[in-house]
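Provide a 3D model corresponding to the input given below.
(chains A and B)
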Amino acid sequence: MRAITKPLLLALALGPALGRQAVGQDRRNEQFYYPGSFNWMFLRNYPEAARLFNAFDYGHAVLYERLYTRRDSALAAAALEREYRYLTTDLLVRPPRFAVVEEAIEPTYARVAWRAKMMFDWAHVLHRQIYDVYADERRAEAEKDALIERLTDYYLSNRRLAFAPVAKSMALMDEQYYSQVFRRRHPAFNGLIWAYHWLQVGLYEPLIAGRTPDERKAGVNAALARFWDMLREPPASMPRVMPMTATVAPLFTERHPRAAAIFDNLHMMHDIISDILAADTVPRSRKREVIYAALDEFQDPTRNVMSRDEWLMMGDMMGGIEAMGGPAAGLLRPAPADTSRAAPQHRHEP
Amino acid sequence: MRITWRTALAAAALAAGFRPAPAQIDYRNLDDDRPVLVEDAYPLERYAFEFLAPYRFERDKSGRSVHGFITELEYGILPNAELGVKLPVSALRDGGATDWGISGLRVFGLYNFNTESPVFPALSLRADATFPVGSLGGRETHVAVKALATRSWGRSRVHLNAAYGFGPEGTASAVESAGRWWYGAALDHTLFRQSTLLVGEVYALRAADGERVQVNASLGLRYQWSPYVVLDAGISRGLRSGLGPDYAVTFGISRAFAVTRLMPRGRRPTSADGGGHDARHH
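Residues are numbered from 1 along each chain as shown, chains lettered A, B, ... in the order given. Model (predicted):
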């Protein structure tokens, strides 16, 4: 009896103290998604695309884990080369049925930068729920638009985790002392991430532009085929600059500028964290601090914000749609007969 | 017309006014008894509900057997905190006679202090109150407190639980009795492509003051069957001669959902938020 009483009393006494200690640490702060019958429509109607995003989750997570845990840049390069091969020849080809538990793929990174992980998760939920709304064939267009705005409201109501719904300056990504290290050091993996981001925003276009379910399905399949094309000759066949939502998804941006800005901020923050983790100029002991400072900036809608016109013109200033992977709509053509180099067969996990 | 578990659950949820919401990685949320006694230190997400409908069969080494249907509802009521209620219905078979009945009512709350960090594991405290409801619910009210910790290594996690029960000793409920104290450790491993969690545990338990300490072991798995339904299964066995379960098996199904009316509505940005543009520009 005593053997258990003492440790238990000690634990109870230490509980509040540990709670105070934990103040300097991250709280878990998980929040459930907005409910509705639209959920899972994208997986039901477009399983090839929906499952591909599960593999993207792994790609994002393993990138940060390898960059943070492989302190030697040569070791990091070798680890990322292995992960690139695994992703492009296996996991993307046979993506998981359900979302990947990123915490299990990036446990070390998640311990260091839990808030960043949660902010990405929260924005990815918005991404996916918007696909679900577009894939819900029972709803009229106006109803879909209203629901997407409601989802964006719900996203923004979680102030701990929401990115600002206004476009932040590209200088935050490209003109810091750590900027562009990752893309220079790992061009193929960086191109893969940009190809992910091209598809993540680009898929909205055929879902909006398609006038019938068949047209929407054909448009989504064409966008998927374009994604696989990007993996054929890396990095030359990949986007050369970060795909901007306003450029790749102009129809979506016109309808939902807040969500479009959130996704640009999310994708910029993806690149910024890759740079911080890869940069030797950010000591390992300061990586969390620098990441969290960037998160603070990207949650602030009042500073370093582009005007709407600047934002819409940014795509042209960065090289235009072709530099970002090409248009995502108007691709209605049969999938290439030979996608074997990047994707021998697109199968699902049993 | 063939009625499946999935359609039955969906119909029940819709009849209750619930709308399903995505919860496709719930298989990694290790709840107590689902399928092992040790649980992880993380609460349910804010605004989430989880309904659990498990079955457990246990035969102890004296030949007594118990069937238990332990329905449970949990809710993420506050950030990093959950509340729950369990209402077990059990059948106790002893010496050729079988008694059916409600086996107590348990309410509980769990509060998580922190997620894992480079220094600390995730730490939580949980409190349970068990009331003597039903013919097999015992005769006394019990309160128990539990400390929980979770630490991960790669795709594996270790969970430590230690619980102590307060209150008079007398007739315990037929299932889900709190015991005087117990402590245990579980190790789980995530198979992310299969959306499956494998878990094993060992724990020591003293059912009442003066009784010998049981040492029991369990193995189990949790499997994401659909985006919001998780199946679990487990087996247990006592490791000490004459003590604990000769064997026990459990199967369960759990469903995550949310209620639209309980979700925050959010607000549109105002000019005070600043920024270059928002939806009102269109």
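
how close does the residue of the stretch 101-250 of chain B found nearest chain A sit to residue B:145?
For the stretch 101-250 of chain B, the residue positioned closest to chain A under C-beta to the nearest C-beta is residue B:114, at a distance of 3.5 Å. Any C-beta I mention is one placed from the backbone N, CA and C, and that applies to glycine too. The gap separating residue B:114 from residue B:145 is 18 Å, by C-beta to C-beta, to the nearest Å.

So between these two, which is more surrounded?
Regarding residue B:114 and residue B:145, a neighbour count based on other C-beta atoms under 10 Å in any protein chain shown identifies residue B:114 as having more, with 24 against 17.

give me the beta-bridge partners of that one?
Per DSSP bridges, the residues bridged to residue B:114 are residue B:123.

Ok, residue B:74 next?
Applying DSSP bridges to residue B:74 yields these beta-bridge partners: residue B:50, residue B:84.

What does the pLDDT read for it?
According to the per-residue confidence, residue B:74 scores 97 in pLDDT.

show me the contacts for it.
With contacts defined as C-beta atoms under 8 Å, 6 or more residues apart in numbering or on different chains, residue B:74 is in contact with B:31, B:44, B:49, B:50, B:52, B:82, B:83, B:84.

how about those in JSON lines, adding distance to residue A:255?
Formatted as JSON lines, the contacts of residue B:74 follow (distance: C-beta to C-beta, whole Å):
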{"residue": "B:31", "distance to residue A:255": "41"}
{"residue": "B:44", "distance to residue A:255": "34"}
{"residue": "B:49", "distance to residue A:255": "32"}
{"residue": "B:50", "distance to residue A:255": "35"}
{"residue": "B:52", "distance to residue A:255": "40"}
{"residue": "B:82", "distance to residue A:255": "37"}
{"residue": "B:83", "distance to residue A:255": "40"}
{"residue": "B:84", "distance to residue A:255": "41"}
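
Now list the buried members of those residues.
The neighbour-count criterion (16 or more other C-beta atoms under 10 Å in any protein chain shown) marks B:31, B:44, B:49, B:50, B:52, B:82, B:83, B:84 among these as buried.

okay, the second one: pLDDT?
Going back to what we said before, that points to residue B:44. Per-residue confidence (pLDDT) for residue B:44: 96.

thinking it is in contact with residue B:50, fair?
Yes - assessed by C-beta atoms under 8 Å, residue B:44 is found in contact with residue B:50 at 5.8 Å.

Overlap of the contact sets of the two?
Common neighbours of residue B:44 and residue B:50 are listed as B:74, B:75 (criterion: C-beta under 8 Å, 6+ apart).

okay, now residue B:168: neighbour count?
For residue B:168, the number of neighbouring residues by other C-beta under 10 Å comes to 8.

now it, nearest residue through space, not along the chain?
Counting by C-beta to C-beta, 6 or more residues apart in numbering or on different chains, residue B:168 lies nearest to residue B:140, which is 4.8 Å off, once chain neighbours are set aside.

same question, residue B:111
Residue B:111's closest residue in space is residue B:81 (C-beta to C-beta, 6+ apart), at 4.8 Å.

Repeat that for residue A:269.
The shortest distance from residue A:269 to any non-neighbouring residue, by C-beta to C-beta, 6+ apart, is to residue A:298 (5.4 Å).

Likewise for residue B:157?
By the measure of C-beta to C-beta, 6+ apart, the closest residue to residue B:157 outside its immediate chain neighbours is residue B:188, 5.3 Å from it.

Could you report the pLDDT at that neighbour?
On the pLDDT scale, residue B:188 is placed at 98.

Remind me what the helix or strand containing it packs against, helices and strands.
According to DSSP states H and E, residue B:188 maps onto strand B:181-191. Using 3 or more C-beta pairs under 8 Å, 6 or more residues apart in numbering or on different chains; DSSP states H and E as the contact criterion, the elements in contact with strand B:181-191 are helix A:2-21, strand B:156-166, strand B:196-206.

Next secondary structure after the last one?
So the one you mean is strand B:196-206. Past strand B:196-206, further along toward the C-terminus, the next helix or strand under DSSP H and E is strand B:214-226.

is any part of that following strand close to chain A?
Yes - using C-beta under 8 Å from any C-beta of the partner chain, strand B:214-226 reaches chain A at residue B:224.

next structured bit after that strand?
In N-to-C order, the element after strand B:214-226 by DSSP H and E is strand B:229-238.
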